[in-house]
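Peer 1: this one's sequence-less:
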């Protein structure tokens, strides 16, 4: 009888061991992440081809509107060939890259300044209850305020110079960056904070090693929105506030096209503004976002 009980106990232990091993194997399979890169052909088909097809469709529809004389007034809708002629002329005259660089350099520098200001401000609002009660509603209100509204007071305060441009960018971007970080910090699990305090990560050390890494998804979302606000604020400032001392950026180029009643020049400026905005997102923010998601196991393939 004792031998039977012993055999049953051993069988039960073996079964439990097998179940445990199976559970561990299942967890390992869930945690395993495929690290192989997506083949180039698949990347081209999934990520490159769709936007290219969309652009071609827009150009085809655009050309049909002109060719079929649905819109037969070139002062309202120029032909794609006219816009291409403007691009070619600006390139041959050596001005095209100058237009782009003038705006991009201002936009990136203003965005970096907004990061320097918005990041500590967001941490302060997220971590100090009194500051959140005092400043939080103001940040939300500033974020909803159209950026163009800041151009007239900035011109009056600072004059027609680059400082005015950067002030408009900061007023448009800082609230978005700060609110994005606040949202990210609010989503940090309290367990992380308690574990950090247990290990001595408090104050600035806790913010750097615990809060900021855990809040990165929300922070990056705020950065993307902050760049969008920076770019739109800059374009509004360049369109409204023009001066020979400021150079010709993309916003000023758009305004020059309007003053000259040249729709081909207007379309050139719009296309360049759109291309720069998309390029910054694809080259900076999309890779950063994929890296963060991959580090959290939320993105299987690159």
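Peer 2: That came through fine. Small disclaimer: the values here were computed from a predicted structure and weren't measured. Numbers count the residues shown, from 1 in each chain.

Peer 1: I'd guessed residue 162 sits against residue 246; true?
Peer 2: Yes. Using Cβ atoms under 8 Å, residue 162 is in contact with residue 246, at 6.9 Å. Every residue, glycine included, has its C-beta placed from N, CA and C.

Peer 1: quick one: which of the two has more around it?
Peer 2: Taking other Cβ atoms under 10 Å, residue 162 and residue 246 do not tie; residue 246 has more neighbours (19 against 15).

Peer 1: which residues does the more buried one contact?
Peer 2: Going by Cβ atoms under 8 Å, 6 or more residues apart in numbering, residue 246 touches 160-162, 165, 238, 252.

Peer 1: measure it to residue 276 for me?
Peer 2: Applying Cβ to Cβ, to the nearest Å, the value for residue 246 to residue 276 is 18 Å.

Peer 1: host element of the residue nearest the centre of the chain?
Peer 2: With distances taken as Cα atoms, centre = their mean, residue 224 lies nearest the centre of the chain, 2.1 Å away. Assigned by DSSP states H and E, residue 224 falls within helix 216-240.

Peer 1: so where's the stretch 101-250 of the chain shaky on pLDDT?
Peer 2: Low-confidence segments of the stretch 101-250 of the chain (pLDDT under 70): 201, 203.

Peer 1: try 80
Peer 2: For the stretch 101-250 of the chain, the stretches with pLDDT under 80 are 189-212, 214, 242-245.

Peer 1: Burial check on the nearest residue in space to residue 186 that is not next to it in sequence, number of neighbours?
Peer 2: Closest residue to residue 186 apart from its sequence neighbours, by Cβ to Cβ, 6 or more residues apart in numbering: residue 126 at 6.8 Å. Per other Cβ under 10 Å, the neighbour tally for residue 126 reads 24.

Peer 1: mind checking how far residue 126 is from residue 99?
Peer 2: Counting by Cβ to Cβ, the separation of residue 126 from residue 99 is 39 Å.

Peer 1: Same question for residue 289.
Peer 2: With Cβ to Cβ as the criterion, residue 289 and residue 99 are 29 Å apart.

Peer 1: between these two, who's got more neighbours?
Peer 2: Using other Cβ under 10 Å, the more surrounded residue of residue 289 and residue 99 is residue 99, with 21 against 18.

Peer 1: That one contacts residue 90, correct?
Peer 2: Yes. Using Cβ under 8 Å, residue 99 is in contact with residue 90, at 7.2 Å.

Peer 1: thinking again about what came up before, mind checking which of the contacts of residue 246 are buried?
Peer 2: Among the contacts of residue 246, the ones that count as buried by 16 or more other Cβ atoms under 10 Å are 165, 238, 252.

Peer 1: Identify the residues contacting residue 249.
Peer 2: Neighbouring residues of residue 249 by Cβ under 8 Å, 6+ apart: 99, 102-103, 106, 234, 238.

Peer 1: Same question for residue 117.
Peer 2: 170, 174.

Peer 1: Which of the three states applies to it?
Peer 2: Recorded secondary structure, residue 117: helix (DSSP: H, G, I helix; E, B strand; the rest coil).

Peer 1: separation between it and residue 264?
Peer 2: For residue 117, the distance to residue 264 - Cβ to Cβ - is 39 Å.

Peer 1: can you check residue 252 too?
Peer 2: Separation of residue 252 from residue 264 (Cβ to Cβ): 17 Å.

Peer 1: Same check on residue 270?
Peer 2: Relative to residue 264, and taking Cβ to Cβ, residue 270 is found at 11 Å.

Peer 1: Compare those two and say which is more crowded by neighbours.
Peer 2: residue 264 (22 against 15).

Peer 1: Do I have it right that that one meets residue 80?
Peer 2: No. Here residue 264 lies out of contact with residue 80, judged by Cβ under 8 Å, at a distance of 9.6 Å.

Peer 1: need the contact list for the residue nearest to residue 186.
Peer 2: Counting by Cβ under 8 Å, 6+ apart, residue 126 makes contact with 132, 181-182, 185-186, 211, 215.

Peer 1: gap between it and residue 180?
Peer 2: To residue 180, residue 126 is 11 Å away according to Cβ to Cβ.

Peer 1: what's the answer for residue 127, then?
Peer 2: Applying Cβ to Cβ to residue 127 and residue 180 gives a distance of 15 Å.

Peer 1: Looking at those two, which is more packed in?
Peer 2: residue 180 (25 against 15).

Peer 1: Once you drop chain neighbours, what's closest to that one?
Peer 2: If the residues on either side of it in the chain are set aside, residue 180 comes closest to residue 222, at 1.2 Å by Cβ to Cβ, 6+ apart.
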